[in-house]
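Visitor: give me a 3D structure for the following:
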Amino acid sequence: MIESYKCATCGQIHTGLPFSFAAEFPDQYANMTRDERDARAVIGSDQYIIDQLWFFIRGWLEIPIVGSNEVFLWGLWASVREEVFDEISECWELVGRENSRGPFKGRLGNSLAEYPETLNLKLRIVLQPVGARPLFVVEEPDHSLAQEQSSGITRDRALRMASLVLHQERGGFPANLKG
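Guide: Residues are numbered from 1 along each chain as shown. Okay, here's the model as predicted:
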């Protein structure tokens, strides 16, 4: 059965529960002009390099939804040191990598409008089995995103956040964030 909900932003009834949103790019890349992107960036589906100085990997930040087995997923980007980028790249297809590599340190590469500034939050990056993107864990315990990641959010909060992202122009989320 597909559930529906009343959107907190537009007041309409929507079908399906959208609890997964992903930023297509790190904010640094998203804020570049097309010419700058072409000249300065090397891109892939899960990795970006800008100016051979900035290295990004794609991963998931999970927020449990209290009272259910569901999670609210933010597909985001982390800025990492070149050595970390290289090590993660080298083991990308290595079976058992989640048990033999990491965790790594990084910084969040995206701003999320629903929270106080999230860009550059300290992260722990935990590799997952081959075929799954790394898990990002916020390592700044006083930040509300870290608190929600640790304690979870209500289903109503998850629906409010989803409504804001689905109506980005009103919610203030980055244009590169998609459901």
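
Visitor: in three-state terms, how would V165 be classified?
Guide: What DSSP: H, G, I helix; E, B strand; the rest coil gives for V165 is helix.

Visitor: that one touches A22, doesn't it?
Guide: No: counting by Cβ atoms under 8 Å, V165 does not reach A22; the two are 10.1 Å apart. (Each C-beta comes from the backbone N, C-alpha and C, glycine too.)

Visitor: the two: which has the busier surroundings?
Guide: Set V165 next to A22 and count neighbours by other Cβ atoms under 10 Å: V165 wins out with 22 against 17.

Visitor: where does pLDDT dip in this protein?
Guide: Applying pLDDT under 70 to the chain picks out residues 1-17, 167-179.

Visitor: do a quick rundown of the strands in it.
Guide: 4-6, 13-15, 20-23, 41-43, 47-50, 54-64, 71-80, 104-108, 122-126, 135-138, 177-178 (DSSP state E).

Visitor: got the end-to-end distance for stretch 26-38?
Guide: 15 Å (Cα to Cα, to the nearest Å).

Visitor: any chance you could list what contacts it?
Guide: Contact with stretch 26-38 is made by 23-24, 40-41, 43, 48, 50, 54, 56, 77, 79, 109-111, 119, 174-176, as judged by Cβ atoms under 8 Å, 6 or more residues apart in numbering.

Visitor: and what of stretch 105-115?
Guide: Contacts for stretch 105-115 (Cβ under 8 Å, 6+ apart): 23, 26-28, 56-57, 74, 76-81, 84, 117-125, 136, 138, 143-145, 161, 164, 171-174, 177.
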